[in-house]
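Visitor: For reference, the sequence and a predicted model appear below.
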Amino acid sequence: MLRTQQLEYTYPGNKTITFPDIQCEKGSQWLLLGQSGTGKTTLLHLLGGIRRPQKGKVYIANQELNTLSSTALDQFRGKNIGIVFQQSHFVQSLTVGENLQLAQTLAGHSANPTRIKKLLDRLNIGDKIGDRTNRLSQGEQQRVAIARALVNSPGLILADEPTSALDDENCKEVIDLLETQAKEEGATLVIVTHDSRLKEFFDHKIILE
Amino acid sequence: MNPLTLSWKNQKDRPLQMLLTLLLFGLGVGLIALLISLNTQLDEKFKNNLAGIDLVIGAKGSPLQMILSSMYHIDAPTGNISIKEVKPFLNPKHPLVKLAVPLSLGDSYKSFRIIGTTHEYVDSIFRESVATGKLWEGLYEVTIGATVASKANLKIGDQFHSSHGFADDGINTHDHGDGFKVVGILNKSNTVLDQLILTNTQSVWAVHDHEAEEKKAPAEASEEDHDHDHDHAHDHEDHSDHDHSGHDHGDHEGHDHDAHDHADHQAAAPIVKPLTDYPDKDITTLLVRYRNKKDWRALNMPRSINENTDLQAASPAIEMNRLYSMMGVGTDALRNLALIIVIVSGLSIFISLFSSLKDRKYELALMRVMGASRSYLFFLIILEGLLFAILGYLLGLFLCHSGMSLLSGYLEEAYQYEFSGWRFFKEELWLLGGSLVIGFVAALIPAFQAYQTDISETLTTY
């Protein structure tokens, strides 16, 4: 599903990071663990097609990302990759439901209210569908962010430090949520984090140095 | 979620900013549209009322005032002229003059002017006819314009008393006999004719003679005294010039009797005596149409009248052009002001989008992550600019047309002219085009910025 080959990224200050090769099977769940400064977020952006590498290749579902044009890459990302960010951000002027609808239409799908309703119900926030996102609690916002990452049934879900701001109890809950939802959708899950509490939950681990 | 809904929701999320921008834009557009509407309608009124008149002859004074008062009926007349002064022009065999229609002004009813004239004023100048009834024939018979009938609520057979002057102050009401009697109502012509009460010249004289006599039986009032002197002075000139027209019938006393007979017995026998039979009487102006406009002698006529007689002659076309160029300064200033407002409001659209873009930078990056392309974001911001422009334009049109209908009430009261607030002009389509261009240009820089957003950088720094 996800495969990298000799990935290398050079920052503007000429600092170069070389990343280990990654190969994730469809439906597998991975932890990318690393301390600050090891290029975790950069790797996540490279995997998500948000940033292009100077060297090496990223394959998602046998498609090499770097060969796609800017617009095609945007479309590919919208359809095949769901990303959960560290901080939950939404389009402020829209409600929870509208934010999910936007994710559907921007990816080139037509709006599917039933899918949205089902997904939110599954995440226990079905009653928040008409609320503005800034009226939600932190935990609710994170659930909406997960729902948004899942709404287009992507093959790959990337999560950037989803637990760094949470206590132990909530941390476990979020990881459970990500695991079960990814499994339900049959998606490959890659979590990028420095949070060593997560080690015990995953069999597949890649340590960045 | 289509882009239009999204851009609308984005703007609606900041209602105060949106309101301010829209108001500014609406004011600018509204002011321009109002100027267009006012200018076009005024222009039409003036053109319709030119009615093929080549020359106006009246008393010395301001030529513009004379034109305004006797063609558009919106200013006071310059004074009176005696019939014997203009007698040559009233001769149907005059080599240059095809048509000469006398006008006598001075009275009004409910601020509608009463004009003493001949049937030619209706038939030949405005080419109009009566809708009901007939044209005036006898003394004190009037035919009224369509607007007069509806606004002053007059029907055929109604009688009314006129007031002296043009203001409806109720102080100077003439109190003669049974007053004027409506015998006909004219078709609506969308000219000044709609606002006039027409009668024969003799009726206008009769009203004033009657009154003068009642008021100053023992001693001659100074005004009347002056009139007599004036008349006599001209008598001499008249004798030397053209005494062949048989003006001995029409001496002052003789006419007074005529008038009284009619008023007292309320007989409405048609008046058939031509005006040239009353050389000592006054009229206000004479409207003249040339036989041949291009005849050089006709072109020289106004100058020769102005230089050689006590009369004044003025060409309506020339005077109106002068008036336009004078008014033009004011309209230009207003138009420039409106343009400045529109430009400032364009700037305000720009600032509004630009500042909102700073807040929404992360949102835009997020939308890219969700699959939106660079050009989608560009398009989205442009759409927001156009949305401002269209809404502002609609607000502007609403302001203009409701403002115009308010204004038309006032203009009608002040000038007896009708304006329509809800008439739309094709210039307003141009205005829509202009608004869209401003909205587009204002959104261009913010949209380009959105286009260039580096998602990776934005997502890591915020």
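Guide: Now that the structure is in, tell me what you want to look at.
Visitor: Look at B:R113 and give its secondary structure.
Guide: With DSSP: H, G, I helix; E, B strand; the rest coil as the basis, B:R113 sits in strand.
Visitor: Same question for A:T4.
Guide: State at A:T4, reduced to three classes by three-state DSSP: strand.
Visitor: tell me the contacts of it?
Guide: Counting by C-beta atoms under 8 Å, 6 or more residues apart in numbering or on different chains, A:T4 touches A:F19, A:D21, A:I22, A:Q23, A:L46, A:L47, A:G56, A:K57, A:V58, A:Y59. Every residue, glycine included, has its C-beta placed from N, CA and C.
Visitor: So the residue of the stretch 251-400 of chain B found nearest chain A, which state does it fall into?
Guide: Of all residues in the stretch 251-400 of chain B, the one sitting closest to chain A is B:G371 (1.9 Å; C-beta to the nearest C-beta). Put simply, B:G371 is coil when judged by three-state DSSP.
Visitor: Measure how buried the closest residue to it other than its chain neighbours is and give me the count.
Guide: Ranked by C-beta to C-beta, 6 or more residues apart in numbering or on different chains and with sequence neighbours excluded, the top spatial neighbour of B:G371 is A:G78, at 1.9 Å. Neighbour count of A:G78, defined by other C-beta atoms under 10 Å in any protein chain shown: 25.
Visitor: next one: B:V369
Guide: Neighbour count of B:V369, defined by other C-beta under 10 Å: 27.
Visitor: pretty sure it is in contact with A:H89, am I right?
Guide: No - judged on C-beta atoms under 8 Å, B:V369 makes no contact with A:H89 at a distance of 10.0 Å.
Visitor: Could you list the low-confidence segments of chain B?
Guide: Scanning chain B for pLDDT under 70 picks out the ranges B:167-178, B:210-269, B:413-417, B:462.
Visitor: max-length strand in it?
Guide: Ranked by residue count, the top strand of chain B under DSSP state E comes out as strand B:97-109.
Visitor: Give me the sheet partners of that one and which way each runs.
Guide: Sheet pairing of strand B:97-109 (DSSP bridges) gives strand B:112-117 (antiparallel), strand B:163-164 (antiparallel), strand B:285-290 (antiparallel).
Visitor: Any chance of these in a markdown table with mean neighbour count as columns?
Guide: Output for the strands paired with strand B:97-109, formatted as a markdown table (neighbours: other C-beta atoms under 10 Å in any protein chain shown):
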| stretch | mean neighbour count |
| --- | --- |
| strand B:112-117 | 25 |
| strand B:163-164 | 18 |
| strand B:285-290 | 24 |
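Visitor: Return the distance of the closest residue to chain A within the stretch 51-200 of chain B relative to B:A33.
Guide: Among all residues of the stretch 51-200 of chain B, B:N190 sits closest to chain A, at 50.8 Å; criterion: C-beta to the nearest C-beta. Plainly put, B:N190 is 22 Å away from B:A33 if you go by C-beta to C-beta, to the nearest Å.
Visitor: Pull out the buried positions in stretch B:191-209.
Guide: Across stretch B:191-209, burial judged by 16 or more other C-beta atoms under 10 Å in any protein chain shown covers B:191-209.
Visitor: Outside of the longest helix seen in chain A itself, list whatever touches it.
Guide: Counting residues, the longest helix found in chain A (DSSP state H) is helix A:168-185. The contact list for helix A:168-185 (C-beta under 8 Å, 6+ apart) reads A:27, A:29, A:84, A:122-123, A:139, A:142-143, A:146, A:150, A:153-154, A:157, A:159, A:162-163, A:166, A:188-189, A:191, A:195, A:197-198, A:201.
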